[in-house]
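> The sequence and its predicted three-dimensional model are supplied below.
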Amino acid sequence: MQARYWLRPTFSVMLKEIRIVTRYRTWLLSTFIWPVLYPLTFYFIGLGLSGRTGQGLGNFERLANTSDFASFLILGNLVWMFININLWVGGMSLQRERLRGMFDTTWTLPVNKLSLVMGATFASLLLNFLPMVVSIAFYAALGVFKITGNIFNILATIFLIMPFLVGFLTLFAALTIRLRQANLTVQVVRSVLSIVCGLQFPLAILPKKISAISGYIPLTHFVDIIRGIIIHKHPLSYYTGSIVYIIVSGIVMMITGILAFRYFINNVRKRGLVAGY
């Protein structure tokens with residue numbers, strides 16, 4: 001009974017979201033084109049600042065601990081894009097249901113309401129992972145990006161950050177239940193993360209107070225590990241402290257997201273903000 005109440009609707013919502021995206025070719029096409037083209041802007045900026053002979057790389061190397069600005073920028077931007085896309089697609093899934101005119105109907109189904117969010121979140125993570133792989137393959141084919149790290153270490157690191165991402169997206173979904181609109185919140189969060197996590201530039205250029213905050217954000221540790229594995233060929237054991245922090249913070253974020261979601265469900269029920277109550 002519990003599996004029927006939880007697993008089946010989650011899987012059904014996930015399949016529904018995947019079918020919607022793959023049914024319309026324009027959506028699928030844009031999903032693959034944007035991850036390929038967007039990092040090019042930062043790559044050409046880095047190329048222009050470093051100079052064709054690399055005479056301007058000295059400062060960057062001291063700040064980022066690597067002269068491979070292409071890999072540094074491409075990896076950071078792909079992480080930012082992955083978070084950004086999933087905030088809009090996964091975190092805003094309930095708002096998207098409102099736009100489709102289906103929210104009131106699905107919300108009154110006799111299933112665990114969290115499964116409606118989890119299914120959309122898992123679909124978003126799955127659909128947007130492949131474009132990131134395609135983008136990396138594209139830059140590798142151009143010769144501006146070299147995959148030199150252990151692929152299993154990379155996949156393990158991505159797996160470790162998933163609980164945090166799922167909890168993070170669930171928290172945003174909880175906000176959309178109560179606020180109905182979370183566009184501004186997504187805009188602010190994605191901009192802040194791009195700055196404080198060092199996704200598009202070295203953390204060393206930030207003021208000390210802001211860089212101190214960066215160390216508390218799991219995404220900072222995640223992108224640091226990914227860059228270290230690919231650029232410096234470090235083993236996972238080199239980042240034991242960061243890995244433990246990512247796991248613990250992921251568990252905390254999952255619990256926080258679920259509790260927040262349940263709280264807002266009770267809140268909108270008492271206020272009569274959702275049809276069916």
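Received the coordinates, thanks.

> all contacts plus neighbour counts: C-alpha atoms, from now on.
Will do.

> Against Lys16, how distant is the residue nearest to Phe103 when sequence neighbours are not counted?
Spatial nearest neighbour of Phe103, excluding adjacent residues (Cα to Cα, 6 or more residues apart in numbering): Glu97 at 4.8 Å. Distance, Glu97 to Lys16, using Cα to Cα, to the nearest Å: 12 Å.

> what residues are shared contacts of those two?
Common neighbours of Glu97 and Lys16 are not found (criterion: Cα atoms under 8 Å, 6 or more residues apart in numbering).

> Secondary structure element holding Thr157?
helix 151-179 (DSSP states H and E).

> Correct me if wrong: Ala120 contacts Glu17.
Yes - look at Ala120 against Glu17 with Cα atoms under 8 Å: they come within range, at 6.3 Å.

> neighbour count winner among the two?
Using other Cα atoms under 10 Å as the criterion, Ala120 and Glu17 rank with Ala120 on top: 28 against 21.

> Tell me where the stretch 101-250 of the chain has helices.
Using DSSP state H, counting those that start in this stretch, the helices of the stretch 101-250 of the chain run over residues 103-107, 113-142, 151-179, 183-196, 208-214, 218-231, 240-271.

> who does the first one touch, helix- and strand-wise?
Using 3 or more Cα pairs under 8 Å, 6 or more residues apart in numbering; DSSP states H and E as the contact criterion, the secondary-structure elements in contact with helix 103-107 are helix 93-100.

> ok, residues contacting the helix it packs on?
Residues contacting helix 93-100 (Cα under 8 Å, 6+ apart): 103-104, 117, 120-121, 173, 176-177, 180-181.

> Taking those residues together, which two end up most distant?
Asp104 and Thr121 (19.2 Å; Cα to Cα).

> For those two, indicate the residue with more neighbours.
The neighbour comparison of Asp104 against Thr121 (other Cα under 10 Å) goes to Thr121, with 29 against 13.

> That one contacts Gly167, correct?
No - Thr121 lies out of contact with Gly167 (Cα under 8 Å); the separation is 9.7 Å.

> how about Phe201, phi and psi?
In terms of degrees, to the nearest 10, the main-chain angles of Phe201 are phi -170, psi 160.

> how near is the closest residue to it other than its chain neighbours to His221?
With Cα to Cα, 6+ apart as the criterion, Phe201 has its nearest non-adjacent residue at 7.1 Å, and that residue is Leu73. Leu73 is 16 Å from His221, where distance means Cα to Cα.

> got the contact list for Thr105?
Contacts of Thr105 by Cα under 8 Å, 6+ apart: none found.

> likewise Ser242?
221-222, 225.

> Low-confidence bits of the stretch 101-250 of the chain, can you list those?
Per-residue confidence for the stretch 101-250 of the chain (pLDDT under 70) gives these ranges: 178-183.

> Tell me how far the closest residue to Gly198 other than its chain neighbours lies from Thr148.
With Cα to Cα, 6+ apart as the criterion, Gly198 has its nearest non-adjacent residue at 6.8 Å, and that residue is Thr220. From Thr220 across to Thr148, the span is 21 Å (Cα to Cα).

> Which one of these two is surrounded by more residues?
The neighbour comparison of Thr220 against Thr148 (other Cα under 10 Å) goes to Thr220, with 22 against 11.

> Leu47: neighbouring residues, count only.
Look at Leu47: counted by other Cα under 10 Å, it has 17 neighbours.

> can you tell me the helix or strand for it?
helix 25-50.

> Show me how far the very next helix or strand once past that helix is from its chain's centre.
Note on helix 25-50: by DSSP H and E, the next helix or strand toward the C-terminus is helix 57-64. Centroid displacement of helix 57-64 relative to its chain, using Cα atoms, centre = their mean, to the nearest Å, is 27 Å.

> Out of the contacts of helix 93-100, grab the one that's most surrounded.
When neighbours are counted by other Cα under 10 Å, Ala173 leads the contacts of helix 93-100 with 31 neighbours.

> just checking, it touches Lys113?
No - assessed by Cα under 8 Å, Ala173 is found out of contact with Lys113, at 11.0 Å.

> Next, count neighbours for Tyr239.
Tyr239: 17 neighbours (other Cα under 10 Å).
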